[in-house]
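# structure for the following, please:
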Amino acid sequence: MLNEQEKIDLITQISLDINKVKDLDLLLESILTNSRTFFNADAGSIYLKEGDELKFSYAQNATLEKRLGPGKKLIYTTFTVPINSSSIAGYVAKNCESVNIPDAYKMSTTVPYTWDSEFDKVSHYTTRSMLTVPMTTHRGEVLGVMQLINAQDDRGVIIPFSSADESLIMHFATSAALALERAQMTRNIILRMISMAELRDPKETGAHVNRVAAYSVEIYETWAREQGISPEEVQRHRDILRMAAMLHDVGKVAISDLILKKPDRLSAEEFETIKSHTYLGARLFKDVHSDFEEVAAEVALNHHEKWDGTGYPGYIDPITGSPLTGHEALDGSALPKRENEIPLFGRIVAVADVYDALRSRRSYKEPWNEDRILSEMQSLSGTHFDPELITAFFSCLDVLKSIAERYPDSDEL
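Residues are numbered from 1 along each chain as shown. Here you go, the predicted structure:
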């Protein structure tokens, strides 16, 4: 067992590690994973503050995950609760104080909040000890609430969270809130960039890019696991991929409204203009100062390439828009990229982007039904898509569906 100083040192190191994660969704995962590990909690969840409500934003449950197949993830749905004293999370956010419950089924009748056992009944899980804390900034602003469930001793027996745990997790939650505040700022900056593209192309919404980015990370993780790539390498790349994938179509800010919003079929010349959004997007990241900028340029440039070499823009210089030297076709156009010549993250975002387009409503089409979508995705394996990535796509399909529900279009709310 760690002594008090060793616990403080370890939680400080975890806080430093969390500050390296820039994407909001992946940060929530890192915060909860590290918190559960440190306090040996079987499960947990994080709620983020949105106006006068808390949104159930991330969850983990080791017991339920063990019931799933290897490599499968827990599926959960989002919901909101008001910030008031009727629920535990709402009470913690409203009063900015922690709540430590030794046994959820033996709660005092004098407390103002209640606990709903419906989840336990549906999932056949038993919630006992709960420790719920506010995640506050140094200004005292509540950003969210973290809830840890079922503390365990060294033998795996469920025990109450100790009073010492309360002060430690409050320290950790404050550090996590600082990282969370920065991640929310980064997410908002990216969404503002996307909102400029949305002014030109109504398809480029925050919900669309969040879905494509989240799909991309899941497909990458599944593919990497099947390829035997180390968890450390996957962890290094997923944060960057998540943010870069959100910006895959940012080059559309440079395309005329007359083309992007044209209701009729595009002419050949207009389609060539549309195709330029790939290298125009990559051009935004021409001064590479970070791994993120490098991957963002890679994704923007390559997400319309196809496995069989029929995509675009091919071997082109993003700065000049001209074919790269030595990669010119006889007609002067850029030679196409095919198969593994297309960078991995470009191939991944291609799968995610097409999947989202098929399942989404557009001005020119209704959403396809699931059978038709899956048939189309499978039929494009080996032509449009890398076959290995389509295998990964189908392996994580349940998670992809839950992501779609987590980020609905505004007209679906």
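
# switch to C-alpha atoms for all contacts and neighbour counts from now on
Fine.

# which residue sits closest to K252, ignoring its sequence neighbours?
Nearest residue to K252, sequence neighbours excluded (CA to CA, 6 or more residues apart in numbering): H277, at 5.2 Å.

# how close does that neighbour get to F292?
19 Å (CA to CA, to the nearest Å).

# kindly report the same for T63.
Applying CA to CA to T63 and F292 gives a distance of 35 Å.

# and L260, by the same measure?
Remark: distance between L260 and F292 (CA to CA) = 27 Å.

# so H277 and F292 - more neighbours on which side?
Applying other CA atoms under 10 Å to H277 and F292 shows that H277 carries more neighbours, namely 22 against 18.

# thought the more buried one was touching G251?
Yes. The pair formed by H277 and G251 meets the contact definition of CA atoms under 8 Å, at 4.4 Å.

# so where's the stretch 151-300 of the chain uncertain?
The model of the stretch 151-300 of the chain has pLDDT under 70 over residues 196-204.

# can you show me the helices along it?
163-200, 206-226, 231-246, 257-260, 268-275, 277-283, 291-302 (DSSP state H, counting those that start in this stretch).

# may I have the fifth one as PDB, with CA atoms only?
So the one you mean is helix 268-275. The C-alpha coordinates for helix 268-275 follow below in PDB (Å, rounded to 0.1, in the frame of the first residue of the first chain):
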ATOM      1  CA  ALA A 268     -16.500  19.300 -64.800                       C
ATOM      2  CA  GLU A 269     -14.900  22.700 -64.200                       C
ATOM      3  CA  GLU A 270     -16.900  23.200 -61.000                       C
ATOM      4  CA  PHE A 271     -16.000  19.700 -59.700                       C
ATOM      5  CA  GLU A 272     -12.300  20.500 -60.300                       C
ATOM      6  CA  THR A 273     -12.800  23.600 -58.100                       C
ATOM      7  CA  ILE A 274     -14.400  21.500 -55.400                       C
ATOM      8  CA  LYS A 275     -11.500  19.000 -55.400                       C
END
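
# what's in contact with it?
K252, I255, I259, L260, Y312, P313 (CA atoms under 8 Å, 6 or more residues apart in numbering).

# for T137, state which of these is nearest.
K252 (36.3 Å; CA to CA).

# R283 versus the residue most central in space within the chain, what's the distance?
Nearest to the mean C-alpha position of the chain, by CA atoms, centre = their mean, lies A214 at 3.9 Å. Going from A214 to R283 by CA to CA gives 24 Å.

# next: F393.
Counting by CA to CA - F393 and R283 are separated by 29 Å.

# out of the two, which sits in the busier spot?
Applying other CA under 10 Å to F393 and R283 shows that F393 carries more neighbours, namely 26 against 19.

# which element is the more buried one on?
Element membership of F393, judged by DSSP states H and E, is helix 387-395.

# which strands and helices lie in contact with that helix?
helix 206-226, helix 344-359 (3 or more CA pairs under 8 Å, 6 or more residues apart in numbering; DSSP states H and E).

# what about 7 Å?
Judged by 3 or more CA pairs under 7 Å, 6 or more residues apart in numbering; DSSP states H and E, helix 387-395 is in contact with helix 206-226.

# so the helix it packs on versus helix 387-395, what angle?
110 degrees (axes from the mean of the first three to the mean of the last three CA atoms, to 10 degrees).

# output helix 206-226 as PDB, nothing but the C-alphas.
Extracted in PDB, the C-alpha atoms of helix 206-226 (Å, rounded to 0.1, in the frame of the first residue of the first chain):
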ATOM      1  CA  GLY A 206     -20.000  20.600 -35.500                       C
ATOM      2  CA  ALA A 207     -22.000  17.400 -35.100                       C
ATOM      3  CA  HIS A 208     -20.700  16.100 -38.500                       C
ATOM      4  CA  VAL A 209     -17.000  16.700 -37.700                       C
ATOM      5  CA  ASN A 210     -17.300  15.400 -34.200                       C
ATOM      6  CA  ARG A 211     -18.800  12.200 -35.500                       C
ATOM      7  CA  VAL A 212     -16.200  11.800 -38.200                       C
ATOM      8  CA  ALA A 213     -13.400  12.500 -35.700                       C
ATOM      9  CA  ALA A 214     -14.700  10.000 -33.100                       C
ATOM     10  CA  TYR A 215     -15.400   7.400 -35.800                       C
ATOM     11  CA  SER A 216     -11.800   7.800 -37.000                       C
ATOM     12  CA  VAL A 217     -10.300   7.200 -33.600                       C
ATOM     13  CA  GLU A 218     -12.400   4.100 -33.000                       C
ATOM     14  CA  ILE A 219     -11.500   2.700 -36.500                       C
ATOM     15  CA  TYR A 220      -7.800   3.500 -35.900                       C
ATOM     16  CA  GLU A 221      -7.800   1.800 -32.400                       C
ATOM     17  CA  THR A 222      -9.500  -1.300 -33.800                       C
ATOM     18  CA  TRP A 223      -7.200  -1.500 -36.800                       C
ATOM     19  CA  ALA A 224      -4.100  -1.000 -34.600                       C
ATOM     20  CA  ARG A 225      -5.100  -3.700 -32.200                       C
ATOM     21  CA  GLU A 226      -5.600  -6.100 -35.000                       C
END
